[in-house]
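**Student:** Based on what follows, work out the 3D shape:
(chains A, B, C and D)
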2 protein chains.
Amino acid sequence: MAGARRLPTREELRIWREFLESTTALRTVLATRLQRDTGLSMGDYAVLLALSEAPQHRLRASELAARIDWERSRLSHHLARMERRNLIRREECATDSRGADVVLTPTGAEAFRAATYPHLKAVRELFVDALTAEQLAAAGEIAAALRAHLPQPAARGTSRGRTETAT
Amino acid sequence: MAGARRLPTREELRIWREFLESTTALRTVLATRLQRDTGLSMGDYAVLLALSEAPQHRLRASELAARIDWERSRLSHHLARMERRNLIRREECATDSRGADVVLTPTGAEAFRAATYPHLKAVRELFVDALTAEQLAAAGEIAAALRAHLPQPAARGTSRGRTETAT
DNA sequence: AGCATATGATTGACACGTCAACTATCGGAG
DNA sequence: CTCCGATAGTTGACGTGTCAATCATATGCT
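**Tutor:** Numbers count the residues shown, from 1 in each chain, chains lettered A, B, ... in the order given. Presented below is the predicted three-dimensional model:
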């Protein structure tokens, strides 16, 4: 196996740094703009998007965590902050008394609705419009390749690879 | 100008999400691994790298902030934490009494030295090795295009570009 | 020299993330 | 039914980031 050794070459490292810095900067600009234009953070947006798409605007906390790929603890902290701002509400789950249902409030729904357009517009301006059609396609393939190459996050319960957000 | 309107198409949005998620996940894995293997965060690594490359292992705080592209306040907080851990030291600047020189300590130098190999190895495994040669080159071009398309962060000192900061 | 303003850096408040510890319920083996 | 391990979720501690305010020194203008 030619698997072990070898470090990145100078050029590979240059590309890595450029990649790291650009994606970081892009993310930061997008987050700042979202915050400024809508008062929401990227985290808020992710949560509100998932809830908006859910039937009844309601999801079990774990299910929500799985959909946006967050640790439960992170979600718990974030929901506490969002609940204070009245964007979501937590209710006891009918079928499992350990569980919590997360419910979108009217305030939250409206905040998300109002954020959609400016956010997507920013995505177009800062990401889509920055790239040629070929580059955009390549970006998709690169992202998929990177993700596929990541170590498995160790499956839960049933030891399958990634059960993905199931059902 | 066909400049204004239009939101991303479904496909553009799909690519954006894939891109965002993959780069986020990659960054997280890399950070976790660095922390686990060397006890350093990505921020620590960036600071130590910059200081290691500086003459005398010493930089003015502002200069350091500029090199790693951090806000001064962020740097100040981070340096406070690193100073507690004895990775760096702050000294008064000889030529400007407002200023601070940041100096690499022997502990910091050694920590960085020890972190280099594992970190670069992880970069190769998780980034370089995930991509074909063509994809790697494309990633570099995409990163450059994204960066070039970002709004200028308002020039400092010599007034080029946008003077922003009012009056 | 005298003063307005810019600059270098720090601080405090608060949002965000991770980790490990904890509580409580669920569900299956006996 | 009882007990035990897995599962759902929360919490506390602490590192990390941003913003706005603050402080002191430096500088340019008159």
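**Student:** Which residues of chain A lie near DNA strand D?
**Tutor:** Contacts of chain A with DNA strand D, taken as Cβ under 7 Å from any atom of the strand, map to A:28, A:32, A:35, A:60-62, A:65, A:72-73, A:75-77, A:79-80, A:90, A:93, A:96, A:98-100, A:156-157. C-beta: built from backbone N, CA, C; applies to glycine.
**Student:** in chain A, which helix has the most residues?
**Tutor:** Among the segments of chain A that qualify as a helix by DSSP state H, the longest is helix A:10-38.
**Student:** name the helices or strands packed onto that one?
**Tutor:** Counting contacts by 3 or more Cβ pairs under 8 Å, 6 or more residues apart in numbering or on different chains; DSSP states H and E, helix A:10-38 packs against helix A:42-53, helix A:106-126, helix B:10-38, helix B:106-126, helix B:133-149.
**Student:** tell me the most buried of these?
**Tutor:** Compared across the helices and strands packed on helix A:10-38, helix A:42-53 shows the largest average neighbour count, a mean of 19 (mean count of other Cβ atoms under 10 Å in any protein chain shown).
**Student:** DNA strand C contacts on chain A?
**Tutor:** A:41-44, A:70-71, A:73-74, A:77-78, A:81, A:96-98.
**Student:** List only buried entries from these.
**Tutor:** Neighbour-count burial (16 or more other Cβ atoms under 10 Å in any protein chain shown) applied to those gives A:Gly43, A:Asp44, A:Trp70, A:His78.
**Student:** State whether the third one is indeed within a strand.
**Tutor:** No: using DSSP: H, G, I helix; E, B strand; the rest coil, the secondary structure at A:Trp70 is coil, not a strand.
**Student:** From B:Asp129, how far off is it?
**Tutor:** To B:Asp129, A:Trp70 is 27 Å away according to Cβ to Cβ, to the nearest Å.
**Student:** From B:Gln56, how far out is the closest residue to A:Phe19 other than its chain neighbours?
**Tutor:** By the measure of Cβ to Cβ, 6 or more residues apart in numbering or on different chains, the closest residue to A:Phe19 outside its immediate chain neighbours is B:Ala143, 4.4 Å from it. Remark: distance between B:Ala143 and B:Gln56 (Cβ to Cβ) = 32 Å.
**Student:** same deal with A:Tyr117?
**Tutor:** On the measure of Cβ to Cβ, A:Tyr117 and B:Gln56 end up 52 Å apart.
**Student:** Check A:Val102 too.
**Tutor:** Between A:Val102 and B:Gln56 the distance is 54 Å, computed by Cβ to Cβ.
**Student:** Looking at chain A, which residue is nearest DNA strand C?
**Tutor:** When scored by Cβ to the nearest atom of the strand, chain A has A:Ser41 as its residue closest to DNA strand C, at 2.9 Å.
**Student:** Just to check, that residue is in contact with A:Ala31?
**Tutor:** Yes: counting by Cβ atoms under 8 Å, a contact exists between A:Ser41 and A:Ala31, whose distance comes to 6.7 Å.
**Student:** neighbours around A:Ala65, how many?
**Tutor:** 23 (other Cβ atoms under 10 Å in any protein chain shown).
**Student:** Leaving out sequence neighbours, find the closest residue to it.
**Tutor:** Nearest non-adjacent residue to A:Ala65, counting by Cβ to Cβ, 6+ apart: A:Leu75, 4.6 Å away.
**Student:** So that neighbour lies in a helix, does it not?
**Tutor:** Yes: looking at A:Leu75 with three-state DSSP, it is inside a helix.
**Student:** Contact partners for it?
**Tutor:** With Cβ atoms under 8 Å, 6 or more residues apart in numbering or on different chains as the criterion, the residues that contact A:Leu75 are A:Val47, A:Ala61, A:Leu64, A:Ala65, A:Ile68.
**Student:** Any chance of those residues in a markdown table with pLDDT as columns?
**Tutor:** Shown next, in a markdown table, are those (pLDDT from 0 to 100):
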| residue | pLDDT |
| --- | --- |
| A:Val47 | 98 |
| A:Ala61 | 97 |
| A:Leu64 | 98 |
| A:Ala65 | 97 |
| A:Ile68 | 96 |
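**Student:** quick one: which of these is nearest to DNA strand D?
**Tutor:** Nearest to DNA strand D among the contacts of A:Leu75: A:Ala61, at 3.4 Å, using Cβ to the nearest atom of the strand.
**Student:** Can you name the residues that contact that closest one?
**Tutor:** Contact criterion Cβ under 8 Å, 6+ apart gives A:Arg72, A:Leu75, A:Ser76, A:Leu79, A:Arg90, A:Gly99, A:Ala100, A:Asp101, A:Val102 as the residues in contact with A:Ala61.
**Student:** can you rerun that using 6 Å?
**Tutor:** Applying Cβ atoms under 6 Å, 6 or more residues apart in numbering or on different chains, one finds that A:Ala61 lies in contact with A:Ala100, A:Val102.
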